[in-house]
Structures are given as C-alpha cells and as structure tokens.
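> below are the sequence and a predicted model for it; my questions follow.
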Amino acid sequence: AMGPAQFIPSTWMIYRDELKGITGKPADPWNISDAFLAAALYLKDFGAASQKENDEWRAAMIYFSGSTKSQYRFYGDSVIALAKGLEDDIRELEK
C-alpha cells in the first residue's frame with residue numbers, strides 16, 4: 001500500500017484525477033494532504049457522509065479490508081468507539 005493513508009495502487013488511481021480537480025495540482029499518494037483528502041473521498045463514496053453510525057461503520061470497514069467481513073469487525077467497532085469518545089469530549093468542552 002502507498003503513502004500515509006495506505007492506498008492500494010489501483011484504488012489510488014480512482015481518486016487521483018478527482019484530487020487534481022479539487023487541488024489544481026497533480027495528486028501524490030505520499031503527500032499527507034492528498035492522501036487523507038483521498039481517504040475522505042473514499043469514505044464518503046462508501047456512505048460515511050450520511051453521518052449515520054451504521055454507514056460510518058461500513059465505510060470504515062471497507063476502507064480497512066475492502067469488505068464488512070465479521071473477522072474485521074474489531075476495526076469498524078474501534079473507529080465508532082473513537083468517534084463517540086471524541087464527540088463526548090467535544091460536548092464536555094462546549095459546556
């Protein structure tokens with residue numbers, strides 16, 4: 001896998017041109033900004049933009065393993081737990 005977001009080369013090629021359209025420059029999977037912008041687009045494409053927990057879990061699972069196989073459930077579950085913790089922290093700070 002390539003770069004900080006660990007893209008498979010064939011997956012990176014899907015997002016390369018879209019990134020160039022957004023940033024106006026050639027996309028580089030080793031550039032942290034490009035890599036995580038592509039990761040955000042990938043997660044959006046797999047449903048995370050709905051902001052529904054199940055859709056976010058599914059998108060995280062697909063990002064991690066390309067599937068929602070139960071053997072990788074630990075990853076999706078940990079992403080959701082981390083997100084809930086961050087949301088709790090934000091609510092506490094807003095008080």
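Received, thanks. Values in this document were obtained by computation on a predicted structure and should not be read as measured data. Numbering: from 1, shown residues only.

> name the helices or strands packed onto the longest helix seen in the chain?
In the chain, with assignment by DSSP state H, the single longest helix is helix 73-94. If you count contacts as 3 or more C-beta pairs under 8 Å, 6 or more residues apart in numbering; DSSP states H and E, helix 73-94 packs onto helix 53-65. Every residue, glycine included, has its C-beta placed from N, CA and C.

> now the helix it packs on against helix 73-94, angle please.
Per axes from the mean of the first three to the mean of the last three C-alpha atoms, to 10 degrees, the angle that helix 53-65 makes with helix 73-94 is 130 degrees.

> avg pLDDT for helix 53-65?
On average, the pLDDT along helix 53-65 is 96.

> show me what counts as buried in it.
Neighbour-count burial for helix 53-65, with 16 or more other C-beta atoms under 10 Å as criterion, is recorded at 56, 57, 58, 59, 60, 61, 62, 63, 64.

> thinking again about what came up before, which parts of the longest helix of the chain are buried?
In helix 73-94, counting by 16+ other C-beta under 10 Å, buried: 76, 79.

> just the residues contacting that helix, thanks.
Helix 73-94 has contacts (C-beta atoms under 8 Å, 6 or more residues apart in numbering) with 53, 56, 57, 58, 60, 61, 64, 65, 68.

> the closest residue to the first one other than its chain neighbours and residue 21: what is the separation?
Translated: residue 53. Excluding the flanking residues, the one nearest residue 53 by C-beta to C-beta, 6 or more residues apart in numbering is residue 80, at 6.1 Å. Computed as C-beta to C-beta, to the nearest Å, the residue 80 to residue 21 distance reads 31 Å.
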